[in-house]
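Trainee: how would this look folded up:
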Amino acid sequence: MQYLDIIKSKIVTKEEIKPLLAQWNFKGNKIVFTNGCFDIIHQGHIDYLSKAKDLGDKLVIGLNSDNSISRIKGDSRPIVDEVSRATLLAALNFTDAIILFDEDTPYELIKSLQPDILVKGADYQPEDIIGADVVLAKGGTIETIEFLEGHSTSKIIEKIRIKG
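Mentor: Residues are numbered from 1 along each chain as shown. Purely as a prediction, here's the structure:
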């Protein structure tokens, strides 16, 4: 299998991940879930996602679709299309699966996946994290990770607009 095929094989649907989840659960792997737009991948994303992976064995990323991002952030977003964003995330060695979702929140995806650990940025209070109720009900944990200071997609976009 060639490297690009390996990368693309990490981009899965809710149906395609079911056998992977079964295998990982059978092996006793701790499944970590996080989600986001990841519009322009930057050092802050790498720091956050690598720390999320450190919390468990398998990292599953719920990725907002282009339509979802446009509804949430406005018509000028996303900057990078969903296929490109998914491929970039899948190329990272610490990601195990990427699932696109079209809803405004990943709640239904979290209900379907039943991860052991739910991760969001430290700008969220654990009780306000979407899907926390699902993960806590199954005995899982909620974790927050501090963002790497000075790194944000919004700041990159602003810098491009100023220099552009």
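Trainee: what's stretch 126-137 in contact with?
Mentor: Stretch 126-137 has contacts (C-beta atoms under 8 Å, 6 or more residues apart in numbering) with 33, 105-107, 110-111, 114-118, 120, 141-142, 144. C-beta here means a position set from N, CA and C on the backbone, and glycine is covered the same way.
Trainee: hmm, 6 Å instead?
Mentor: Contacts with stretch 126-137, where a contact means C-beta atoms under 6 Å, 6 or more residues apart in numbering, come from 105, 107, 110-111, 118, 120, 142.
Trainee: same check, this time on stretch 102-110
Mentor: Stretch 102-110 is contacted from outside by 35, 62, 65, 67-68, 101, 130-131, 134, using C-beta under 6 Å, 6+ apart.
Trainee: now, those residues that are in strands?
Mentor: 35, 62, 101 (DSSP state E).
Trainee: coming back round to it: any quick ChimeraX command for the buried ones out of the contacts of stretch 102-110?
Mentor: Listed next is the ChimeraX selection for buried residues among the contacts of stretch 102-110, using 16 or more other C-beta atoms under 10 Å:
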select :35,62,65,68,101,130,131,134
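Trainee: which among the contacts of stretch 102-110 gets closest to Ile162?
Mentor: Ser68 (27.5 Å; C-beta to C-beta).
Trainee: next, give phi and psi for the closest residue to that closest one other than its chain neighbours.
Mentor: Leaving aside its chain neighbours, Ser68 sits nearest to Asp102 (5.5 Å; criterion: C-beta to C-beta, 6 or more residues apart in numbering). Main-chain torsions, Asp102, degrees, to the nearest 10: phi -100, psi -10.
Trainee: need the pLDDT of Asp102.
Mentor: At Asp102, the model reports a pLDDT of 97.
Trainee: so how far is Ile156 from it?
Mentor: To Ile156, Asp102 is 25 Å away according to C-beta to C-beta, to the nearest Å.
Trainee: just the strands from this structure, written as ranges.
Mentor: 31-36, 58-64, 97-101, 117-121, 141-145.
Trainee: residues making contact with the helix-or-strand element of the chain with minimal mean pLDDT?
Mentor: Sorting the helices and strands of the chain by mean pLDDT, DSSP states H and E puts helix 153-163 at the bottom, at a mean of 74. Applying C-beta under 6 Å, 6+ apart, the contact partners of helix 153-163 are 39-40.
Trainee: ok so, going back, what's the most distant pair in the contacts of stretch 102-110?
Mentor: Farthest apart among the contacts of stretch 102-110 by C-beta to C-beta are Asn67 and Val134. That separation is 23.6 Å.
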